[in-house]
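S.K.: just a sequence and a predicted model for now, questions to come.
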2 protein chains.
Amino acid sequence: MMRTRPLKVALLGCGVVGSEVARIMTTHADDLAARIGAPVELAGVAVRRPDRVRDGIDPSLVTTDATALVKRGDIDVVVEVIGGIEPARSLITTAFEHGASVVSANKALLAQDGAALHAAAEQHDKDLYYEAAVAGAIPLIRPLRESLAGDKVNRVLGIVNGTTNFILDKMDSTGAGYQEALDEATALGYAEADPTADVEGFDAAAKAAILAGIAFHSRVRLDDVYREGMTEVTAADFASAKNMGCTIKLLAICERARDGGSVTARVHPAMIPLSHPLASVRGAYNAVFVESDASGQLMFYGPGAGGAPTASAVLGDLVAVCRNRLSGATGPGESAYAALPVSGMGDVVTRYHISLDVADKPGVLAQVATVFAEHGVSIDTVRQQGNNGEAALVVVTHRASDASLSGTVEALRKLDTVRGVASIMRVEGE
Amino acid sequence: MMRTRPLKVALLGCGVVGSEVARIMTTHADDLAARIGAPVELAGVAVRRPDRVRDGIDPSLVTTDATALVKRGDIDVVVEVIGGIEPARSLITTAFEHGASVVSANKALLAQDGAALHAAAEQHDKDLYYEAAVAGAIPLIRPLRESLAGDKVNRVLGIVNGTTNFILDKMDSTGAGYQEALDEATALGYAEADPTADVEGFDAAAKAAILAGIAFHSRVRLDDVYREGMTEVTAADFASAKNMGCTIKLLAICERARDGGSVTARVHPAMIPLSHPLASVRGAYNAVFVESDASGQLMFYGPGAGGAPTASAVLGDLVAVCRNRLSGATGPGESAYAALPVSGMGDVVTRYHISLDVADKPGVLAQVATVFAEHGVSIDTVRQQGNNGEAALVVVTHRASDASLSGTVEALRKLDTVRGVASIMRVEGE
């Protein structure tokens, strides 16, 4: 039973993602109508630079006044693909106040203000969907929020930033250094002119906050996520990783503490075994492992960015929100009832790979081993390489808390025989 | 805002999956209540043998009269984990008539009668959910039906039967023959005493029918799915596959024809390159690739069977159906508006690996090549191995229709110099 009055969609932003959304809404209009049960109509497109709007969009729909567009009152769904905090936040809030539901791809905003936006949506009995905010086309928010709604998620571990995965994959496969690999990523369009958000892990941290909040039914904000970028990963680190049968990935890791009473969320480079499925995620692809009590290990893999893949996620949400609209219902909103506190990095328990520059003389290993023991960090393997009075000592630990490891490293730096700590890298996925 | 009157759930079947559903409903009652917005109560459990019901289930809930249970009128959701066609079909229909929504894990029934069951659900304004029917815990139905609702799916390619993947993986890694690998699978509990449904591809074909129907918004029934089992895969086939840098998997493949006017669905063993992500799916795991216009290639991976993983999928659906119940809405029903016809196997276009036993004399290759050419099947590579008057000829083709290939093989069999067609295997995933 097809309703004939169309649902009206306002598009905020018409860049790489927005123009794809508009294109698919036009080219797949009949399919979308059949799947929703009513036609959808692009009722307005708000942009900053109307001269740049792409082909195929009716110029009469284009406006620079986004606020007026979301205030029109006849808009059913606002699709926000501007990104950034403002004006996106105000526009979304205004949209709810004026009767629209919202589909957003805005990870930064949701990681910072997700709770407030969800509250605004609920207050006005509207939907807020944002599958496209995490891992592009990969269905992840919906599976976590709905498919696993009857399960207990214990861990989310994934590669959620394509730019850094491209760079690390390049370093791994060619032996290139960080700068060289970054330059190639920039030349190929995988990295932005200012790559800070990607390479310093801000983008991945925002996604980790969103995933952790949904997975653990708690509020996790961007500030709660421990973050280390990957700019200091070297070719030597990759050589060390290879020695261990590992590669290096920038991982987002959200974990429930073993006692169940708290959660952690973190983003940092880590060694993972080559046998782990995440090790073979190439180029700019994303992949996320989800470990739950009943379902065991699930993995979701696909293109984590790009106009068309992100638009696919936006349109999936658009169909869902339109269906809800027609049935007079709303979909699942924020679920933060568990209200688990977020612990700091010191509570994280994992393994470590530590490279030390030490004096090449007898007794050094004994000194170093004593420091580890004093801090309760158990050593798995040690490898020593001597060379003209200087030596490298590579220590791989058993599982230990980050706090214990930090204490160990601090004490190691004070040893006369330790000339420097060349690198510390966590080992995950074992 | 928690409603205090509980939603009532009737469980049909309390075997491996049903007992896990009941267990999780008890142990995770508070979480489920928080996520649904109302408590859920196990109101009855219908079984054939009440003496076998497991610990933890209140004996007063157990009944052998499943029909009376679904007719009670106070049941909100019926969970059907009996399997098979009858009595499951009648019970589900009766459940709708008496006001309940249904969550089912019944692939055979849905592949055969999905359209009629969806119609019954719609007639009574109830939900029919069945994530657990395909690939156990792996979220696949919901992503296809909802996350990709704004995209155009062109291909679904996957390993959807854990038993056969375990057997093939064993043959690949140990060089074992089919029977030896099957015996091990049986001993370890991965294969049933009568493994027919798995090894002959019936189970995978049912899943292919369900996936194709949802992916292409059309009706695809079990009878529409071309099916070849994997009982004739030999150690020699694995050796041939290795020569090509491939392994062998039992694949379910659902494709939209290039002209978009029809679809195909099939299950058969196939060679896939070792570099393809499906090649590294080990043991009883499942994995499904989905290729769409906008999203590109997505992959979903996880445990495809087992009590707890399947229960996870059932409970995810249960939460969704309960939420719908509370909001007075129903979720997405059958979407078959595209009504694409299902073509037969002859229209499928793929590549082939053919092993021929031929006479070891001059001119045989020319004869064979002529037959391929006459049927319009282009040869990619040929490998010849001579030995005492007998020879093996291994031909790998370019893409050709199954009909052309069948014609080629029929003509080859008539050549005096061809003593036998040792094996024909499709090559996928390139």
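M.R.: Here it is on my side, so go on. Residues are numbered from 1 along each chain as shown, chains lettered A, B, ... in the order given.
S.K.: need the nearest residue in space to whichever residue of the stretch 1-150 of chain A sits closest to chain B, chain neighbours excluded.
M.R.: Chain B sits closest to A:Gly150 of the stretch 1-150 of chain A, with a gap of 2.3 Å, by Cβ to the nearest Cβ. In this view, the C-beta of every residue, glycine as well, is placed from N, C-alpha and C. Excluding its sequence neighbours, the residue lying closest to A:Gly150 (Cβ to Cβ, 6 or more residues apart in numbering or on different chains) is B:Leu315, at 2.3 Å.
S.K.: which phi and psi does that neighbour have?
M.R.: phi -70, psi -30 (degrees, to the nearest 10).
S.K.: and the residue of the stretch 1-150 of chain A closest to chain B, what does it touch?
M.R.: Residues counted as contacts of A:Gly150 (Cβ atoms under 8 Å, 6 or more residues apart in numbering or on different chains) are A:294, B:24, B:28, B:32, B:35, B:311-312, B:314-319.
S.K.: same deal with A:Leu32?
M.R.: A:25, A:39-40, A:315, A:318-319, B:150.
S.K.: go through those and flag which are in strands.
M.R.: A:Val40 (DSSP state E).
S.K.: any chance of the contacts of A:Leu32 in TSV with distance to B:Val290 as columns?
M.R.: Below are the contacts of A:Leu32 laid out as TSV (distance: Cβ to Cβ, whole Å):
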residue	distance to B:Val290
A:Met25	21
A:Pro39	26
A:Val40	23
A:Leu315	15
A:Leu318	19
A:Val319	16
B:Gly150	14
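S.K.: which one of the contacts of A:Leu32 is nearest to B:Ser90?
M.R.: Set against B:Ser90, the nearest of the contacts of A:Leu32 by Cβ to Cβ is A:Val319 (33.4 Å).
S.K.: quick one: that closest one and A:Gly37 touch, right?
M.R.: No. Look at A:Val319 against A:Gly37 with Cβ atoms under 8 Å: they stay out of range, at 9.8 Å.
S.K.: so these two - more neighbours on which side?
M.R.: Neighbour comparison, A:Val319 and A:Gly37: the larger count goes to A:Val319, with 25 against 18 (by other Cβ atoms under 10 Å in any protein chain shown).
S.K.: so who does the more buried one touch?
M.R.: The contact partners of A:Val319, by Cβ under 8 Å, 6+ apart, come to A:32, A:35-36, B:146, B:149-150.
S.K.: try it again at 6 Å.
M.R.: A:35-36, B:149-150 (Cβ atoms under 6 Å, 6 or more residues apart in numbering or on different chains).
S.K.: same deal with A:Ser404?
M.R.: Neighbours of A:Ser404 in contact, by Cβ under 6 Å, 6+ apart: A:375-377.
S.K.: top of the residues you listed by number of neighbours, please.
M.R.: A:Val377 (22 neighbours).
S.K.: can you tell me, leaving aside adjacent residues, what's nearest to that one?
M.R.: Nearest to A:Val377 is A:Ala400, by Cβ to Cβ, 6+ apart, at 4.3 Å.
S.K.: same thing with A:Glu200?
M.R.: In space, and not counting its chain neighbours, A:Glu200 is closest to A:Gly229: 3.7 Å by Cβ to Cβ, 6+ apart.
S.K.: next: A:Arg5.
M.R.: Using Cβ to Cβ, 6+ apart, the closest residue to A:Arg5 is A:Ala38 (7.0 Å).
S.K.: burial of that neighbour, as a residue count?
M.R.: Look at A:Ala38: counted by other Cβ under 10 Å, it has 20 neighbours.
S.K.: ok, back up a step: and the residue nearest to A:Val377, bridged to which residues?
M.R.: Listed by DSSP bridges, the beta-bridge partners for A:Ala400 are A:Thr350.
S.K.: okay if I get the contacts of A:Ser404 as a markdown table plus distance to A:Pro139?
M.R.: Shown next, in a markdown table, are these (distance: Cβ to Cβ, whole Å):
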| residue | distance to A:Pro139 |
| --- | --- |
| A:His375 | 43 |
| A:Gly376 | 42 |
| A:Val377 | 40 |
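S.K.: so which of those are in helices?
M.R.: Of the contacts of A:Ser404, none are assigned to helices by DSSP state H.
S.K.: just the closest of those to B:Leu251, please.
M.R.: Distances from B:Leu251 to those, taken by Cβ to Cβ, are shortest for A:Val377, at 47.1 Å.
S.K.: show me the shaky parts of chain A.
M.R.: For chain A, the stretches with pLDDT under 70 are A:1-3, A:386-387.
S.K.: so how far is B:Thr310 from the residue of it most remote from its centre?
M.R.: Centroid-distance maximum for chain A: A:Pro362 at 46.2 Å, with Cα atoms, centre = their mean. Distance, A:Pro362 to B:Thr310, using Cβ to Cβ, to the nearest Å: 60 Å.
S.K.: from the chain's centre, how far out does stretch A:107-120 sit?
M.R.: Distance, stretch centre to chain centre, for stretch A:107-120: 15 Å (Cα atoms, centre = their mean, to the nearest Å).
S.K.: what residues of that stretch count as buried?
M.R.: Using 16 or more other Cβ atoms under 10 Å in any protein chain shown as the burial criterion, the residues of stretch A:107-120 that qualify are A:107-114, A:117-118, A:120.
S.K.: likewise for stretch A:221-236?
M.R.: A:221-222, A:224-231, A:233, A:235.
S.K.: one more: stretch A:43-59?
M.R.: A:43-47, A:53, A:57.
S.K.: before we move on, what about stretch A:254-261?
M.R.: If you call a residue buried by 16+ other Cβ under 10 Å, then stretch A:254-261 has these buried ones: A:254-257.
S.K.: contacting residues around it?
M.R.: Outside stretch A:254-261, the residues that reach it (Cβ under 6 Å, 6+ apart) are A:154-156, A:208, A:211-212, A:215, A:263-265.
S.K.: and the two most separated of the residues you listed?
M.R.: Longest span within these, Cβ to Cβ: A:Asn154 and A:Ala208, 15.3 Å.
S.K.: between those two, which one's more packed in?
M.R.: A:Ala208 (31 against 18).
S.K.: my guess is the more buried one contacts A:Arg266, does it?
M.R.: No. Counting by Cβ atoms under 6 Å, A:Ala208 stays clear of A:Arg266, with 7.1 Å between them.
S.K.: before we move on, the earlier item: for the buried residues of stretch A:43-59, which one is nearest A:Ala339?
M.R.: Checking the buried residues of stretch A:43-59 against A:Ala339 by Cβ to Cβ gives A:Ala46 as the nearest, at 36.4 Å.
S.K.: run a quick neighbour tally on the residue lying closest to that closest one once chain neighbours are set aside.
M.R.: Counting by Cβ to Cβ, 6+ apart, A:Ala46 lies nearest to A:Ala66, which is 3.6 Å off, once chain neighbours are set aside. Residue crowding around A:Ala66 was assessed by other Cβ under 10 Å; the count is 26.
S.K.: swap in the one 3 residues further on?
M.R.: Here the neighbour count serves as a burial measure; for A:Leu69 (other Cβ under 10 Å) it reads 24.
S.K.: quick check: it touching A:Gly44?
M.R.: Yes. Taking contacts as Cβ under 6 Å, A:Leu69 lies within contact range of A:Gly44: 4.6 Å.
S.K.: intersection of neighbour lists for these two?
M.R.: A:10, A:63.
S.K.: does A:Ala205 touch A:Val225 like I think?
M.R.: Yes. When contacts are counted by Cβ under 6 Å, A:Ala205 is listed as touching A:Val225 (4.3 Å).
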